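Asker: Give me the fold of what follows.
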Amino acid sequence: METPVTSSTTRPTFPRHGGFTEARRITALLRKETVGGILLVIAALAAVVWANSPAAASYFALRDFTIGYEPWHLKLSLGAWAADGLLAIFFFLVGLELKREFIAGDLKRFRTAIVPIAAALGGVAVPALVYFFIAAQDDALRDGWAIPTATDIAFAVAVLAIIGSHLPPALRIFLLTLAVVDDLLAISIIAVFYTDRIEVLPLVLSLAVIALYGLIAQRYRVFFGTRAFAAWVVLLPIGVVAWALMHASGVHATIAGVLLGFTIPVLHRRADRDAQSGQSGQPAQPAQPGLAEEFEHRFRPLSAGFAVPVFAFFAAGVSVGGAEGIRAAMTHPLTLAIVAALVLGKPVGILAMTWLTTKLLRTKLDPELRWIDMIGVGLLAGIGFTVSLLIAELSFAPGSAEADTAKVAILTGSVIAALLAAALLAMRNRQYRRIALRDAVDANADGIPDVYQRAE
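Answerer: Model (predicted):
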């Protein structure tokens, strides 16, 4: 009689199986919004500390180290590679999110889309006006008007995820929709206002390659959806060519990432219903996710765990010049303009346009939402960070006093907005938690939960 093999006698599979399992665990962790936001903050703090340490020269030497092929206009510093190259991965995911929202999400229907779209417009226009009101007197500062218009969706959602365990789900949905539209507006601003020159031939070639990329992705969607390696072998080289041509055209190369994301097919909700109902008398089959959703699942860890933190590391490093430099930066008109625009302009613009839209169109917010909760969302939208740092690099000459001051202002304004939002929403979270506990007690006592009482 053979002795059964037990776990104690089984040969260990480490490191092969263990390494694979660990890799899967890490990538799953990186898909969580809180982890991406934390890595972003750690990278930025590390850059600030290093740039203000006795070894500051080594940080700037690393950031400014150039590498690449000069004839193709790709001999760039590591900081530029992070801003133009790695951040294209982030914007590729933004393109996927935008298309998914417009095709099958909340932005598909006018009635559900108009309020967050209007809120995003207010969250762009009012901060720009606040910036102009404070800084427009100085001609050297005018180009930075778009810096406070952006919202860092990863950072904002991470804060909400950390402190919002009992907040209404509608609040997170509103923030996500608002941030997606905000990203679209920021992308448009970069493309229109921060393109100094356009080389027509590279631009046309880039668009042609992007069209080819989309054609292949559409034609072989099942192949790329079922074979993860295929996207790296086939689509990635085509995407790199499109990115390089876009960079050579003078249009900011991250726009190529957005356009590539837009070409990926999204599974329409009607297709979902067809798949679930079955066809030709066949049993209903569960709908498979679209390629856009599959790509977002695959590439989110790369963006959150590497691309965005590395960009933040190279973009956030600024020498503040000690206590005297901090005092000078905090009183600079550029700092006052950016901080005021992020901390005050963002929530005021979002709330004002939300209120105005609901009154003019006679629409209503989700019944779960309260206006005090919306103030918290407006403050979260004041976390500019990633895209704001990118726009700051486009607005002012690299290494200039204005560029460094703008970065200090972005970090300061984003931290203040995050702290204020966290304090307000944590208070509201406690209130919602008490209601949930009271309802749970009533349900246990009667067997039937009381009618949900909303926090006032």
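Asker: My reading is that His166 lies in a strand. Confirm?
Answerer: No. Using DSSP: H, G, I helix; E, B strand; the rest coil, the assignment for His166 is coil, not a strand.
Asker: The chain should start at 51 in everything you say after this.
Answerer: Yep, numbering from 51; the last one is His216 now.
Asker: so where do the strands sit in this protein?
Answerer: In the chain, the segments counted as strands under DSSP state E are 116-117, 126-127.
Asker: Give me whichever of these is most buried.
Answerer: Across those, averaging neighbours per residue (mean count of other C-beta atoms under 10 Å) puts strand 126-127 on top, at a mean of 18. The way it works is simple: take the backbone N, C-alpha and C, and place the C-beta from them, glycine included.
Asker: what packs against that strand?
Answerer: Judged by 3 or more C-beta pairs under 8 Å, 6 or more residues apart in numbering; DSSP states H and E, strand 126-127 is in contact with strand 116-117.
Asker: helices or strands up against the strand it packs on?
Answerer: Strand 116-117 sits against strand 126-127, with contacts defined as 3+ C-beta pairs under 8 Å, 6+ apart.
Asker: now the strand it packs on, how far from the centre of its chain.
Answerer: Strand 126-127 has its C-alpha centroid displaced from the chain centroid by 24 Å (C-alpha atoms, centre = their mean, to the nearest Å).
Asker: Average pLDDT for that strand, rounded please.
Answerer: Average pLDDT, strand 126-127: 88.
Asker: what residues does it touch?
Answerer: With contacts defined as C-beta atoms under 8 Å, 6 or more residues apart in numbering, strand 126-127 is touched by Arg113, Asp114, Phe115, Thr116, Ile117, Gly118, Asp134, Gly135.
Asker: Quick one: buried ones out of those?
Answerer: Arg113, Asp134, Gly135 (16 or more other C-beta atoms under 10 Å).
Asker: In contact with the first one, which residues are there?
Answerer: Same thing as Arg113. Per C-beta under 8 Å, 6+ apart, neighbours of Arg113: Ser127, Leu128, Gly129, Phe364, Gly367.
Asker: ok so, going back, tell me which of the contacts of strand 126-127 is nearest to Leu386?
Answerer: Arg113 (27.1 Å; C-beta to C-beta).
Asker: Leaving out sequence neighbours, find the closest residue to the closest one.
Answerer: Distances taken as C-beta to C-beta, 6 or more residues apart in numbering place Gly129 nearest to Arg113, at 4.4 Å, with adjacent residues excluded.
Asker: picking that back up, which one of the strands of the chain lies closest to Glu344?
Answerer: Taking the strands of the chain one by one with C-beta to C-beta, strand 126-127 is closest: 31.1 Å.
Asker: which residues of this structure score low on pLDDT?
Answerer: 51-84, 156, 317-339, 372, 489, 492-506 (pLDDT under 70).
Asker: can you dump the C-alpha coordinates of stretch 402-421 into PDB?
Answerer: Taking Å, rounded to 0.1, in the frame of the first residue of the first chain, the C-alpha atoms of stretch 402-421 are listed here in PDB:
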ATOM      1  CA  ALA A 402     -21.000  76.700  -7.500                       C
ATOM      2  CA  MET A 403     -21.400  74.900 -10.900                       C
ATOM      3  CA  THR A 404     -23.000  71.900  -9.300                       C
ATOM      4  CA  TRP A 405     -25.600  74.100  -7.600                       C
ATOM      5  CA  LEU A 406     -26.100  76.200 -10.600                       C
ATOM      6  CA  THR A 407     -26.600  73.200 -12.900                       C
ATOM      7  CA  THR A 408     -29.100  71.500 -10.600                       C
ATOM      8  CA  LYS A 409     -31.100  74.700 -10.400                       C
ATOM      9  CA  LEU A 410     -31.100  75.600 -14.100                       C
ATOM     10  CA  LEU A 411     -31.800  72.100 -15.400                       C
ATOM     11  CA  ARG A 412     -34.000  71.100 -12.400                       C
ATOM     12  CA  THR A 413     -31.900  68.000 -11.800                       C
ATOM     13  CA  LYS A 414     -31.100  66.500  -8.400                       C
ATOM     14  CA  LEU A 415     -28.000  65.100  -6.800                       C
ATOM     15  CA  ASP A 416     -28.000  61.500  -5.800                       C
ATOM     16  CA  PRO A 417     -30.300  61.200  -2.700                       C
ATOM     17  CA  GLU A 418     -27.300  59.800  -0.700                       C
ATOM     18  CA  LEU A 419     -25.300  63.000  -1.200                       C
ATOM     19  CA  ARG A 420     -25.300  66.000   1.100                       C
ATOM     20  CA  TRP A 421     -23.800  69.400   0.200                       C
END
